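Enquirer: after the sequence you'll find the predicted model.
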Amino acid sequence: MQAPADLSPPPSVSLRAGALQALCTGEPDQKVTATHALFEALQAGRTHLDPAERLAPDPNAQLPGRPARPVLIAPVDVPQRSPFTPEGFAMLLHAVAHIEFNAIDLALDAIWRFPDMPTDYYTDWLGVAHEEAIHFGLLRAHLQSLGHDYGDFAAHNSLWEMCLRTQHDVTARMALVPRTMEARGLDATPPMQARLRKVGTPAALRAVEILDVILRDEIGHVAVGNRWYGWLCAQQGIEPLGHYRRLAREHSAPRLKPPFNERARLAAGFSEAELAAMHQA
């Protein structure tokens, strides 16, 4: 006689512990799969959340988990190549893929590292991680169609370095990672797309399409950073613009340089006053 099927619901997953586990996963496909699985568990009501829980990574785990390649070097040492050559185009795609791979880690780290935030904070950032994993998958597949893969070219570690600088202050993290480092992508994407349209090959035009998806979603991701930076400032009675300037100085944030994608920045929740301050910096 056949045993009855187990109809018990699947076990609930800790959202924050699951994010830490995904963050410590080094192999790119496995990190993407783990991130999507955690998001799908949230959507299916199979996660639980304890904002007060104090988590710590396994002392033997790498944080963040990374593959052996790409080799990480100083930003000034990353070679620059023209996208009008096959290798230069592949290097450009790889650079954007590396940003998106790091962006998965940035979102996952924001979930596990900072306790005592509202529920929406954690679910917002899991949604961001899920979309960043989609972006990485699109770019990696396009790289593979050209005979390359993620890890084939050197890259830098600036995004994660800012995570380390802001690891003890959630307000600084919201100010300087999504609203500064990632918001630079809002400015950089349209000029990049313009150059790729000039390249004009089918591969370059496909990259433009992928960047359309990324730009659309990144507006939402920066908006998440703006939302929670504003909330944190309000909770602490801090004036946001002046406090941002202080944080940028204290943590050696990169100086913002025009041209700015003002339309995208306004859509992401930056105020007119903040845009004016960027031009005056």
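Expert: Sure, I can see it. Numbers count the residues shown, from 1 in each chain.

Enquirer: show the pLDDT at the residue nearest the centre of the chain.
Expert: In the chain, the residue lying closest to the centroid (CA atoms, centre = their mean) is residue 103, at 2.1 Å. Note for residue 103: predicted pLDDT of 97.

Enquirer: for it, phi and psi?
Expert: Dihedral pair for residue 103: phi -60, psi -30, per degrees, to the nearest 10.

Enquirer: and the helix or strand where residue 30 lies, what's buried?
Expert: Per DSSP states H and E: residue 30 is located in helix 28-43. Judged by neighbour count using 16 or more other CB atoms under 10 Å, the buried positions of helix 28-43 are 28, 31, 32, 34, 35, 36, 38, 39, 41, 42. Backbone N, C-alpha and C define where each C-beta goes, glycine included.

Enquirer: I'd say the first one and residue 136 touch.
Expert: Yes. Under the contact definition of CB atoms under 8 Å, residue 28 touches residue 136, with a separation of 7.2 Å.

Enquirer: tell me how far the helix holding residue 30 lies from the chain's centre.
Expert: 15 Å (CA atoms, centre = their mean, to the nearest Å).

Enquirer: grab the nearest non-local neighbour of residue 212.
Expert: What sits nearest to residue 212 in space, not counting adjacent residues and going by CB to CB, 6 or more residues apart in numbering, is residue 193, at 7.7 Å.

Enquirer: for stretch 111-126, output the C-alpha coordinates as PDB.
Expert: This file holds the C-alpha atoms of stretch 111-126, laid out as PDB (Å, rounded to 0.1, in the frame of the first residue of the first chain):
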ATOM      1  CA  ILE A 111      18.400  42.800   5.300                       C
ATOM      2  CA  TRP A 112      20.500  40.700   7.700                       C
ATOM      3  CA  ARG A 113      22.800  43.300   9.200                       C
ATOM      4  CA  PHE A 114      20.500  45.900  10.600                       C
ATOM      5  CA  PRO A 115      18.000  44.900  13.300                       C
ATOM      6  CA  ASP A 116      14.900  46.600  14.600                       C
ATOM      7  CA  MET A 117      13.700  48.100  11.400                       C
ATOM      8  CA  PRO A 118      10.000  48.000  10.200                       C
ATOM      9  CA  THR A 119       8.800  44.900   8.300                       C
ATOM     10  CA  ASP A 120       8.600  46.800   5.100                       C
ATOM     11  CA  TYR A 121      12.200  47.700   5.200                       C
ATOM     12  CA  TYR A 122      13.200  44.000   5.000                       C
ATOM     13  CA  THR A 123      10.700  43.100   2.300                       C
ATOM     14  CA  ASP A 124      11.600  46.200   0.300                       C
ATOM     15  CA  TRP A 125      15.300  45.100   0.200                       C
ATOM     16  CA  LEU A 126      14.500  41.500  -0.600                       C
END
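
Enquirer: what residues does it touch?
Expert: Contacts with stretch 111-126, where a contact means CB atoms under 8 Å, 6 or more residues apart in numbering, come from 15-17, 19-20, 23, 38-39, 42, 49, 51-55, 107-108, 110, 129, 167, 170, 173, 224, 227-228, 231.
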